[in-house]
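Asker: Structural data only, the sequence is not supplied:
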Ligand SMILES: [Zn+2]
Ligand SMILES: [Zn+2]
């Protein structure tokens, strides 16, 4: 008699876990190591801009503390964001902050979760 109840509890727990995970990923800024989104990097040494998915980022960075440039293997690559309005690249406002408006064309940016400036 207890079996269906147990299965019911498991299902509820799974649903709760999925819900919490979805909420977690929806609210937090997508850090490269846990986010699924591609990150964009700019190397000032050779002026190359390149994209890395989370998987590519992991395999490329490995145990390093920097992102090696795909072109010149330079150590100075910095994360940048791409504006969907003007297709320009701009540096984050702070650690992982995309901002709400593009600093290049001043257009409002779509809310991708990372546009929150904290607090809320
Ligand atoms: Zn480079
Ligand atoms: Zn723009």
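Answerer: Nice, thanks for sending it over. Computed from a predicted structure; not experimentally measured. Ligands and ions are numbered 1, 2, ... in the order given.
Asker: From the chain's centroid, how far away is stretch 98-116?
Answerer: 14 Å (C-alpha atoms, centre = their mean, to the nearest Å).
Asker: Stretch 92-108 now?
Answerer: Relative to the centre of its chain, stretch 92-108 is centred 14 Å away, using C-alpha atoms, centre = their mean.
Asker: check whether it contacts ligand 2.
Answerer: Yes. Contact of stretch 92-108 with ligand 2 (C-beta under 5 Å from the ion) involves 102, 104, 105. The way it works is simple: take the backbone N, C-alpha and C, and place the C-beta from them, glycine included.
Asker: Now that stretch: buried residues?
Answerer: Neighbour-count burial for stretch 92-108, counted by 16 or more other C-beta atoms under 10 Å, picks out 96, 98, 99, 102.
Asker: and which of the residues of stretch 92-108 next to ligand 2 is nearest residue 74?
Answerer: Taking C-beta to C-beta as the measure, residue 74 lies nearest residue 104 of the residues of stretch 92-108 next to ligand 2, at 23.9 Å.
Asker: Quick check: the closest one touching residue 90?
Answerer: Yes. With contact defined as C-beta atoms under 8 Å, residue 104 counts as touching residue 90 (5.6 Å).
Asker: Now for the two: what residues contact both?
Answerer: residue 83 (C-beta atoms under 8 Å, 6 or more residues apart in numbering).
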